[in-house]
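Peer 1: could you look at this predicted model? Sequence included:
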Amino acid sequence: MEGQVSSILEMAQGAIKERVDYEMDRIIDNILDPNTKATAKRKMTLTIELTPDDTRCKISASIVAKSTLATANPVQTSLCVTSGGDDGQMVVAELVPHIPGQLFMNGKEQEKPKILNIAGMR
């Protein structure tokens, strides 16, 4: 049989290799993302499914490249149940590190805390 001996990764007009490269790009982007744990393991799985016909002459190949990425680091905040406003009704507010209105050395001012909108508390 005439033809160039090749890797399965080079078949399908290069689409298989393209999928592997695409998943590798996703993994590298995930590694460089500061919102993920730097040392978390990332994984790529290449599944090659081969299905021959009854005569064993034709083989249908299905290839899937799949990556498992590190999840984003959790975002942390602290909430406080307190009385809010003039009516004294209980609210849930985000804790801020300093007293609202306090000036910092750089001239910026501590913002007021965000109030959580909860049905039944308003």
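Peer 2: That came in fine, so what should we check first?
Peer 1: mind splitting the chain into its structural domains?
Peer 2: Listed by automatic domain parsing, the domain ranges of the chain are 8-68, 79-116.
Peer 1: can you convert these into TSV and add a column each for distance to E2 and mean neighbour count?
Peer 2: Where you see a C-beta, it was placed from the backbone N, CA and C, and this is true even at glycine. Converted to TSV, the domains of the chain look like this (distance: least, C-beta to C-beta, whole Å; neighbours: other C-beta atoms under 10 Å):
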stretch	distance to E2	mean neighbour count
domain 8-68	16	12
domain 79-116	71	11
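Peer 1: among these, which gets the worst mean confidence?
Peer 2: Mean pLDDT across those is lowest at domain 79-116; the value there is a mean of 78.
Peer 1: gap between the two ends of that domain?
Peer 2: Using C-alpha to C-alpha, to the nearest Å, the end-to-end distance of domain 79-116 comes to 9 Å.
Peer 1: same question, stretch 78-88
Peer 2: 21 Å.
Peer 1: contact partners of that stretch?
Peer 2: Identification of contacts with stretch 78-88 by C-beta atoms under 8 Å, 6 or more residues apart in numbering yields 89-95, 115-116.
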